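>>> here is a sequence together with a model predicted from it:
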Number of protein chains: 2
Amino acid sequence: MTAIASYGRLRDRFARLAALEEASAILHWDTSVMMPPGSAPARGEQMAALAAVAHGMLTEPSAGDELAAAEAGAARLEAADRANLALMRRKHRRATALPSDLVEAMARACAACEAAWRDARRTSDFPAVQPRLAEVVRLVREQAAALSAATGLSPYDALMDGFQPGLTDARVEAVFGPLAAMLGEVLPAVLERQAAHPAPIPLHGPFPVSAQRALCRSLAERAGLDFAAARLDESTHPFCGGTPSDIRITTRYDEADPAQAILGVLHECGHALYEAHLPKAFARSPLGEAAGMAAHESQSLIIEMQASRSDAFLSWLGPQMLHAFGGDPATYAPANLARLWRRVAPGFIRVEADEVTYPAHVILRWRLERALVAGDLAVADLPAAWNAGMKELLGLDVPDDRRGCLQDIHWYDGAFGYFPAYTLGAMGAAQLFQAAVAERPGITAALAEGSFAPLVAWLAEKVHAQGALHDLDGLLAAATGRGLDPAAFERHIRTRYLG
Amino acid sequence: MTAIASYGRLRDRFARLAALEEASAILHWDTSVMMPPGSAPARGEQMAALAAVAHGMLTEPSAGDELAAAEAGAARLEAADRANLALMRRKHRRATALPSDLVEAMARACAACEAAWRDARRTSDFPAVQPRLAEVVRLVREQAAALSAATGLSPYDALMDGFQPGLTDARVEAVFGPLAAMLGEVLPAVLERQAAHPAPIPLHGPFPVSAQRALCRSLAERAGLDFAAARLDESTHPFCGGTPSDIRITTRYDEADPAQAILGVLHECGHALYEAHLPKAFARSPLGEAAGMAAHESQSLIIEMQASRSDAFLSWLGPQMLHAFGGDPATYAPANLARLWRRVAPGFIRVEADEVTYPAHVILRWRLERALVAGDLAVADLPAAWNAGMKELLGLDVPDDRRGCLQDIHWYDGAFGYFPAYTLGAMGAAQLFQAAVAERPGITAALAEGSFAPLVAWLAEKVHAQGALHDLDGLLAAATGRGLDPAAFERHIRTRYLG
């Protein structure tokens, strides 16, 4: 078979694989939003069956034959198709590295551990989940070793590479080391300055769910979400799921405080727009996917943190909130919203953290997870190591494991190597936003009128339409002229919090 | 490999297949209830990918090898496992009869025809959909011929066998011929008697959706639906979907008339309870499935038509409705509800038909579809043939194709051989209800107190727990002592409408 024909077969194969992954994505959404609780075991079997079929579709011998034939004549492919083919090879390499019994053992161990974690977190009982987490870590290390052998990366790098292609521990260390030092210096100054200013006036509710839902929906439409191919629902843990042509974001509503829903929906819209604008010509092909989880987080955070918490947008949003909810106009004054929504306060919980202390939460997890993967930290010693890290990084004494090493689902669900993406995403968001505003000064004026359109148009062109063509540094370099540049994040933090 | 080991492999294979079919079932529900309209094309690809994978899982050579090995030593299996093995062979035979390109061509043609039908029905424009229906019929005939060759059944029987195993056209003809004669005789008498009695007082709304929803949910719980593993939602076309451990029924609410929602939910509950009570020991195996679509319809109709429209149940339901909705107590009097909800009136639309005229709608469709499959009726001649049949069977002049041959989705979605199941189900429901009440006289007293429990317990044992062990006659014989007995339906009609 010719290279062209083989590549055509690969496109068909990956399109079918992607269709099955889309089915999984909708089921995942259903599990979180719709499924009756008693149906969880059956859903686990359905997800496992889909995963096994997808794994088999990538690892069967004919897939390798098609890749070899296409690669042999790759010179005759267009450049974009060559890039797509290289990404197919990458997926194939990672899939064939893992024997199917390890894939299934991981799925089972993670499901069992996640279920045990839900109880353990509620009762703050780490020993109750410790054996299951130990089993997950054992299998993750096996997985990392297999991926390492197939890719030539170190075991931890091989895991990170699954979330953000090309990311290495050395790169993370080079970024996070100076970042920790910078924030360690900046944080006291921010807190001191904050204490010298008037405290924000709290928003005074209740804020009816129906009014919040209507406002969130209109904000999502303003951000560019097309509800002809998207939904907004509720779930305990907000997320952006679904597929590029059927995007499903969720939020949760607190009648006492609308901030979580408003900013949460805008955050998920950032993810959603990335998916919606991925290159259609490579839909259901690896090149048509997002560039990785750090890249994805940069898109949610540029909408939530950079744009939506900007003075310009808050000056528009305040009156909208007054109109939607009524109450004391002073609470909706842009300066008050800014003080409320940019409040810096070291705390125990990552997902509640402000953007100045958030990196400390990530740095702690990154240090611990690479030690767990390396075998340098035993699962039994995790709580003590966690608590020591929180003391060192944020000066806090963790009162219980619920507010410590039990707070996040990630490790209990088998995701090791993911956490750095959050902070790399925050840094990328700052860098992209500064570049966008420099290139298109109208972005700020538009935000002051409640319009994300110029910003989103820039992102659609510079980031979204690139698909998976670049790694994180390459994506940022193509969009801003330089790879990940920690100076942009530092500039953002100093301007917003010390300016 | 031993027969026992091969059978074990088959159970694993069919369990995985069933898990994928469950995924499809949840996506099907999502399509009807949740999916944004713009996502339809992508959903079509997802469903096609799942169908192709499932077909491949049944038809790959190892499946045939496992079946042959298990059958060679079937004597060493338990009786139930032998029955299960025979049903696996049946599924394998039907799947391997169809080449995968025909399966995919059918899926594409049906999706295109169904989409065209939605427009054509709205505008009552049969010619607009005629070429697409002709293509579907062409492929259905090809499919029927392939199934006929593999099974030894006639082409139309081979199609019916896919919906109700073992059902033949000769059996349907032997039942429907006398049924048409009986109803032709009974209908004028029913109409005459009805005209001599006072007309029902219409229910006077509005009936708020929230109150209807609460009542329907409590009725579903009363019928035995467990909402820890079930949902009740809304959709344009009510149905019972999902999986045995995640049952999803839908309804639609009309603020002017709560009858559709109340009786519709009870109907879907009949389907739901069948699925919920299927034998757990054979979950995700062919023996653990329902016995066919006529059997399924008997379970929805025994709850809706036999139990819920009985004098006993209406005497309980009337006061509940008064409590839920308020208004004129006279409208909720059991005798008035009975007159309203057992009104007989020949009409054009099957899904709005009463149980006396409903069989005429089915008989018409059965005559036409077997002629289409046999090649004795051209698609172009369908509207004229339909209208002639309606004139003959119900004396009605069909005003337009929207109220004629365009009203049902079935043919346009490729389902030929399905329609007889509706009326066979109605007949089975009458037969089962009479047997149940004769064996457990407390059933009627319980219905008068709003309890379905004794009836459902009887059905769970006699029907639901049997899974797919019997064909329709065998199921009815095991439950009532005789195969499908048209006399029971005639008795029901004469008692309820002429008694």
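Received, thanks. Residues are numbered from 1 along each chain as shown, chains lettered A, B, ... in the order given.

>>> show me where the stretch 151-300 of chain A has its helices.
Secondary structure of the stretch 151-300 of chain A (DSSP state H, counting those that start in this stretch): helices at A:155-163, A:169-196, A:209-223, A:259-276, A:293-301.

>>> for chain B, see how far away the spatially most central residue of chain A is.
Centroid-nearest residue in chain A: A:Glu297, 4.3 Å away (criterion: CA atoms, centre = their mean). Distance from A:Glu297 to chain B, counting by CB to the nearest CB, to the nearest Å: 25 Å. To be clear about C-beta, it is placed using only N, CA and C from the backbone, and glycine gets the same treatment.

>>> isn't that residue right next to A:Ala426, touching?
Yes - with contact defined as CB atoms under 8 Å, A:Glu297 counts as touching A:Ala426 (7.1 Å).

>>> now A:Arg365. Nearest residue, chain neighbours left out?
Spatial nearest neighbour of A:Arg365, chain neighbours left out: A:Phe419 (4.2 Å); criterion: CB to CB, 6 or more residues apart in numbering or on different chains.

>>> what about the one you found, how many residues nearby?
By other CB atoms under 10 Å in any protein chain shown, the residues close to A:Phe419 number 27.

>>> now do stretch A:80-93: distance to the chain's middle.
Its chain's C-alpha centre and that of stretch A:80-93 lie 23 Å apart, by CA atoms, centre = their mean, to the nearest Å.

>>> near chain B, which residues of the stretch 251-400 of chain A?
By the rule CB under 8 Å from any CB of the partner chain, the part of the stretch 251-400 of chain A lying against chain B is A:Arg284.

>>> now the stretch 101-250 of chain A
Residues of the stretch 101-250 of chain A lying near chain B by CB under 8 Å from any CB: A:Asp226, A:Phe227, A:Ala228, A:Ala229, A:Ala230, A:Arg231, A:Thr243, A:Ser245, A:Asp246.

>>> just the buried members of these?
Buried residues within those, counting neighbours by 16 or more other CB atoms under 10 Å in any protein chain shown: A:Ala229, A:Ala230, A:Arg231, A:Thr243, A:Ser245, A:Asp246.

>>> need phi/psi at the first one.
It refers to A:Ala229. Main-chain torsions, A:Ala229, degrees, to the nearest 10: phi -140, psi 30.

>>> who's in contact with it?
A:Ser245, A:Asp246, A:Ile247, A:Ala276, B:Pro36, B:Gly38, B:Ser39 (CB atoms under 8 Å, 6 or more residues apart in numbering or on different chains).

>>> how about low-confidence regions in the stretch 1-150 of chain A?
Regions of the stretch 1-150 of chain A meeting the criterion pLDDT under 70 are absent.

>>> can you give me the helices for it?
A:3-33, A:40-59, A:61-72, A:79-97, A:100-123, A:126-151.

>>> so what does the third one touch, helix or strand wise?
Going back to what we said before, that points to helix A:61-72. Judged by 3 or more CB pairs under 8 Å, 6 or more residues apart in numbering or on different chains; DSSP states H and E, the packing partners of helix A:61-72 are helix A:3-33, helix A:79-97.

>>> report the distance from it to the chain centre.
The answer for helix A:61-72 is 33 Å, by CA atoms, centre = their mean.

>>> contacts for stretch A:421-431 next, please.
Residues outside stretch A:421-431 that contact it (CB under 8 Å, 6+ apart) are A:163-164, A:167, A:172, A:175-176, A:179, A:292-302, A:305-306, A:355, A:358-359, A:362-363, A:472, A:476, A:480, A:482, A:484-486, A:488-489, A:491-492.

>>> surely the residue nearest to A:Arg365 and A:Leu368 touch.
No - counting by CB under 8 Å, A:Phe419 does not reach A:Leu368; the two are 9.1 Å apart.

>>> distance of the nearest residue to A:Gln130 once chain neighbours are set aside from A:Arg121?
Once flanking residues are discounted, A:Gln130 sits nearest to A:Val379: 5.9 Å by CB to CB, 6+ apart. From A:Val379 across to A:Arg121, the span is 16 Å (CB to CB, to the nearest Å).

>>> what of A:Glu355?
According to CB to CB, A:Glu355 stands 25 Å off from A:Arg121.

>>> cool, A:Ile443 as well?
Distance from A:Ile443 to A:Arg121, by CB to CB: 41 Å.

>>> higher neighbour count, the two?
Taking neighbours as other CB under 10 Å, A:Ile443 and A:Arg121 compare with A:Ile443 leading, 24 against 21.

>>> residues contacting the closest residue to A:Phe239 other than its chain neighbours?
Spatial nearest neighbour of A:Phe239, chain neighbours left out: A:Thr250 (5.8 Å); criterion: CB to CB, 6+ apart. A:Thr250 makes contacts with A:Trp29, A:Ser32, A:Val33, A:Leu232, A:Asp233, A:Glu234, A:Ser235, A:Pro238, A:Phe239, A:Cys240, A:Gly241, A:Glu268, as judged by CB under 8 Å, 6+ apart.

>>> which ones are touching A:Pro454?
A:Pro454 is in contact with A:Arg440, A:Gly442, A:Ile443, A:Ala446, counting by CB under 8 Å, 6+ apart.

>>> name the member of those residues with the most neighbours.
Neighbour counts for the contacts of A:Pro454 (other CB under 10 Å) peak at A:Ile443, which has 24 neighbours.

>>> phi, psi for that one please.
Dihedral pair for A:Ile443: phi -60, psi -40, per degrees, to the nearest 10.

>>> that one against A:Leu432, yeah?
No - counting by CB under 8 Å, A:Ile443 does not reach A:Leu432; the two are 11.2 Å apart.

>>> so what's A:Lys391 up against?
Contacts of A:Lys391 by CB under 8 Å, 6+ apart are A:Asp397, A:Val398.

>>> any idea how far B:Val463 is from it?
Taking CB to CB, one finds A:Lys391 at 65 Å from B:Val463.

>>> also A:Ala40?
Remark: distance between A:Ala40 and B:Val463 (CB to CB) = 28 Å.

>>> higher neighbour count, those two?
Set A:Ala40 next to B:Val463 and count neighbours by other CB under 10 Å: B:Val463 wins out with 27 against 15.

>>> gap between the more buried one and B:Ala312?
21 Å.

>>> and for A:Ser100?
From A:Ser100 to B:Ala312 the distance is 57 Å (CB to CB).

>>> and what of A:Arg248?
Distance, A:Arg248 to B:Ala312, by CB to CB: 45 Å.

>>> and what of A:Arg309?
To B:Ala312, A:Arg309 is 64 Å away according to CB to CB.

>>> what do you get for A:Ala48?
Distance of A:Ala48 to B:Ala312, computed by CB to CB: 47 Å.

>>> in strands, which of the contacts of A:Ala229 appear?
Among these, DSSP state E puts A:Asp246, A:Ile247 in strands.

>>> of the contacts of A:Ala229, grab the buried ones for PyMOL.
To isolate the buried members of these in PyMOL, using 16+ other CB under 10 Å:
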select buried, (chain A and resi 245+246+247+276) or (chain B and resi 36+39)
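
>>> contacting residues for A:Pro399?
Contacts for A:Pro399 were tallied using CB under 8 Å, 6+ apart; they are A:Phe348.

>>> got the buried residues for stretch A:206-215?
Neighbour-count burial for stretch A:206-215, with 16+ other CB under 10 Å as criterion, is recorded at A:Phe207, A:Ala211, A:Gln212, A:Arg213, A:Leu215.

>>> and what of stretch A:189-206?
Applying a neighbour-count criterion of 16+ other CB under 10 Å, the buried positions in stretch A:189-206 are A:Val190, A:Leu191, A:Gln194, A:Pro200, A:Leu203.

>>> pick out the residue of the stretch 51-200 of chain A closest to chain B.
Among all residues of the stretch 51-200 of chain A, A:Val53 sits closest to chain B, at 5.4 Å; criterion: CB to the nearest CB.

>>> burial count for that residue?
Residues near A:Val53, counting by other CB under 10 Å, number 24.

>>> for it, give its distance to B:Asp30.
Between A:Val53 and B:Asp30 the computed distance is 19 Å (CB to CB).
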